[in-house]
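>>> Predicted structure and sequence below. I'll ask about it afterward.
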Amino acid sequence: MSEDLRWQCCRQVAGPLVKESRAIRPRLSRLDSPYDRAEKNRILRPSRDSSVCRSRVDRLELLLALFGFDGQSYTLTFADDCLPPSFKEVRKAWRRFLYRLKRWRGRPFDYIYLIEGKHGGHRYHIHLTVRYSDFPPLAMEDLWTNGFVEGKPLLLGPYDTYRRTAKYYCKERTDGVVIPIDARTWVASRSLTAQLLPPERWEDDSGKIPFPDCPRCKGSNHVDNQFGSYNYGWYIKQDPLRPTLDAIDAERKAKRKQQLDS
């Protein structure tokens, strides 16, 4: 490759998630051999996720990242006497529940939901992600009167990612029976999608992707051959409240130890 080629850069930021790619991309030609075309496509179509929305999982990952460290995921299941017989009836139950959430909250709020019914016990249920500060578990349990509520943080640990939940939410496909063909597998509120900024694009002399000193977690991918080069990196920033929460937790443990010793 010529040294004077400029790297094509793209960076997508969504909450604490930053995804960036830098590439020197080749051009396909009708004269390419099968080997040449395969090698060029390694640069043009990287096998892993990228900083732009290439798939439903990519876009959902970015929307989930907008919840930051305040995201809470709930599984809403139906009791036997409340179980809807069809997808249409489940959606009606969701709309009634959404109306109840809006009345309780008193203002618009961010959410992502999906209806599933093909795995597990093959019973319809609803997955819902909202902000913990908007709907803590006790409030959600009071508001969902059709059955049972199971809640957990959107990020389960220091090395968890938003992509894990995005893949899980996209695992079921429409089949025309349990899930109608024309049904959207997941739906995000307009207030949430409006917060997703477009990706930044620019040219650079360097293909190196900068990382912060101590991100919460990170990953990278690199492809290089005689036709071009592709660098990809992502990271989730540290929770700015984590040091405060750790200090509070340490203080509680110290007080508890003093009580036990006395």
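Yes, it's here. Numbers count the residues shown, from 1 in each chain.

>>> Now do the contacts for the nearest residue to Pro108 once chain neighbours are set aside.
Nearest non-adjacent residue to Pro108, counting by CB to CB, 6 or more residues apart in numbering: Ser191, 5.1 Å away. Quick note: C-beta positions are derived from backbone N, CA and C, even for glycine. Taking CB atoms under 8 Å, 6 or more residues apart in numbering, we find Ser191 in contact with Pro108, Phe109, Asp110.

>>> got it, and Leu128?
Counted by CB under 8 Å, 6+ apart, Leu128 has contacts Ser73, Tyr74, Thr75, Leu76, Tyr111, Ile112, Tyr113.

>>> hey, what's the fourth one bridged with?
Okay, so that is Leu76. Going by DSSP bridges, Leu76 is paired in beta bridges with Ile126, Val149.

>>> wait, doesn't it sit right on Val149?
Yes. Counting by CB atoms under 8 Å, Leu76 touches Val149, with 6.0 Å between them.

>>> between these two, who's got more neighbours?
Leu76 (23 against 17; other CB atoms under 10 Å).

>>> Would you mind measuring from the more buried one to His127?
Leu76 sits at a distance of 8 Å from His127 (criterion: CB to CB, to the nearest Å).

>>> of all the contacts of Leu128, which two lie farthest apart?
Checked with CB to CB, those reach their widest spread between Thr75 and Tyr111, with 14.1 Å between them.

>>> Looking at the two, which has the bigger crowd around it?
A side-by-side neighbour count of Thr75 and Tyr111, using other CB under 10 Å, places Tyr111 first with 19 against 15.

>>> List the contacts of that one.
Leu98, Leu101, Leu128, Thr129, Val130, Ala188, Ser189, Leu192 are the contacts of Tyr111 under CB under 8 Å, 6+ apart.

>>> Out of the residues you listed, which comes closest to Asp142?
Using CB to CB, the contacts of Tyr111 come closest to Asp142 at Leu101, 11.2 Å.

>>> hmm, who's touching the helix or strand hosting the closest one?
Using DSSP states H and E, Leu101 sits within helix 87-105. By CB under 8 Å, 6+ apart, the residues outside helix 87-105 that reach it are 76, 78, 82, 84, 108-109, 111, 113, 115, 117, 124, 126, 134-135, 139, 143-144, 146, 178-180, 183.

>>> Kindly recompute the last result at 6 Å.
Under the contact criterion CB atoms under 6 Å, 6 or more residues apart in numbering, helix 87-105 has outside partners Pro84, Ile115, Tyr124, Ile126, Leu143, Pro180.

>>> Can I have the buried ones of those as a ChimeraX selection?
Buried members of the contacts of helix 87-105, defined by 16 or more other CB atoms under 10 Å, are picked up in ChimeraX with:
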select :84,115,124,126,143
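
>>> about what we covered before: between the contacts of Leu128, which is closest to Arg216?
Ser73 (17.9 Å).

>>> tell me the phi and psi of the closest one?
phi -110, psi 130 (degrees, to the nearest 10).

>>> Report the contact partners of it.
Thr129, Lys152, Leu154.

>>> Of those - the most surrounded one?
Counting by other CB under 10 Å, top hit in the contacts of Ser73: Thr129 with 24 neighbours.

>>> Spatially nearest residue to Ser29 (excluding sequence neighbours)?
Closest to Ser29 by CB to CB, 6+ apart is Asp36, at 8.0 Å.

>>> Okay, and the residue nearest the centre of the chain sits in which element?
Nearest residue to the geometric centre of the chain (CA atoms, centre = their mean): Glu61, 2.5 Å. When elements are assigned from DSSP H and E, Glu61 belongs to helix 56-65.

>>> and that helix, what does it pack onto?
Secondary-structure packing of helix 56-65 (3 or more CB pairs under 6 Å, 6 or more residues apart in numbering; DSSP states H and E): helix 162-169.

>>> do that again at 7 Å, thanks
Secondary-structure packing of helix 56-65 (3 or more CB pairs under 7 Å, 6 or more residues apart in numbering; DSSP states H and E): strand 7-14, helix 162-169.
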